[in-house]
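>>> Got a predicted structure here, sequence first:
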Amino acid sequence: MSAIDTTDDAAFVAALIDTMIPGDGDFPSASEAGVAALVAARAKEMHGPAFLAGLREALDRGGPFADAEEAERVARLAAHERAKPADVQAVCVVLYLSYYGAASVKAAIRRMGLQYPDAPQPDGYRMSAFNAQDPLEAPTHRRGHFVATDAVMRVSTDGLGDLRERVG
């Protein structure tokens, strides 16, 4: 069974996510970003297979949510959020996780001149150097400790026996 089971389900999910992220001249709508199936899959995985069906049943009161004009969809969603804020929060979480991972959204963010790598590795994010003298950067807990690079000492691996050959 797929994350979106019918054409009606697909229309509902697209209307729901586009109501929450409609897009504009710079950013695609959520459905244009291609995240509807991912949102449905994550919602079902995180909140159970009946979650979207229950949300659809609530939002379809007064006629199919997917067929309603945008202002009506916004009003229904806002009313449902007042009644069951956890439902809308759950959709927000999976929608934002999905949307901001979409290639077209990352490209839109980059067009704004912002650094938005696909992943922090292997290059990492640009950060200022760690300053051990700055009390805001120094660890305040007792787990582990900072060792300056020039104070780092090599550890002998002589006691590992043939592990070095087996692991490579």
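Thanks, I have the structure now. Everything numeric here is computed off the predicted structure, so don't read it as measured data. Numbers count the residues shown, from 1 in each chain.

>>> as a whole number, average confidence for stretch 129-142?
Mean pLDDT, stretch 129-142: 73.

>>> residues in contact with it?
145, 146, 148 (Cβ atoms under 8 Å, 6 or more residues apart in numbering). Glycine gets a C-beta too; all of them are placed from N, C-alpha and C.

>>> Which member of the residues you listed is positioned nearest residue 100?
Nearest to residue 100 among those: residue 146, at 32.7 Å, using Cβ to Cβ.

>>> on that earlier part again, most surrounded residue in the contacts of stretch 129-142?
Most neighbours among these, by other Cβ atoms under 10 Å: residue 146, with 10 neighbours.

>>> hang on, the earlier thing: in strands, which of the contacts of stretch 129-142 fall?
If you go by DSSP state E, the contacts of stretch 129-142 have nothing in strands.

>>> Just the closest of the residues you listed to residue 160, please.
Nearest to residue 160 among the contacts of stretch 129-142 is residue 145, at 24.8 Å by Cβ to Cβ.

>>> Read off the pLDDT value for that closest one.
Predicted confidence (pLDDT) for residue 145: 72.

>>> likewise residue 110?
We have a pLDDT of 92 for residue 110.

>>> With residue 161 instead?
74.

>>> any idea how far residue 157 is from residue 147?
19 Å (Cβ to Cβ, to the nearest Å).

>>> right, I mislabeled it, should have said residue 27
Taking Cβ to Cβ, one finds residue 27 at 44 Å from residue 147.

>>> Which one's more surrounded, the two?
Higher neighbour count among residue 27 and residue 147: residue 27, with 19 against 10, using other Cβ under 10 Å.

>>> So the more buried one: helix, strand or coil?
coil (DSSP: H, G, I helix; E, B strand; the rest coil).

>>> now do the one 4 residues further on
Here residue 31 takes the coil state, with states given by three-state DSSP.

>>> so it sits right up against residue 19, yeah?
No. Between residue 31 and residue 19 no contact is recorded; they are 10.3 Å apart, counting by Cβ atoms under 8 Å.

>>> So which residues of the protein form helices?
7-20, 36-47, 51-59, 70-83, 85-99, 103-111, 163-167 (DSSP state H).

>>> Next, count neighbours for residue 30.
Neighbour count for residue 30, taken as other Cβ under 10 Å: 26.

>>> Name the nearest residue to it, ignoring sequence neighbours.
With sequence-adjacent residues excluded and distances taken as Cβ to Cβ, 6 or more residues apart in numbering, residue 30 is closest to residue 17, at 3.7 Å.

>>> Show residues contacting stretch 25-42.
Stretch 25-42 has contacts (Cβ under 8 Å, 6+ apart) with 2-4, 9-10, 13-14, 17-18, 20-23, 52, 91, 94-95, 97-99, 101-102, 104-105, 108, 111-112.
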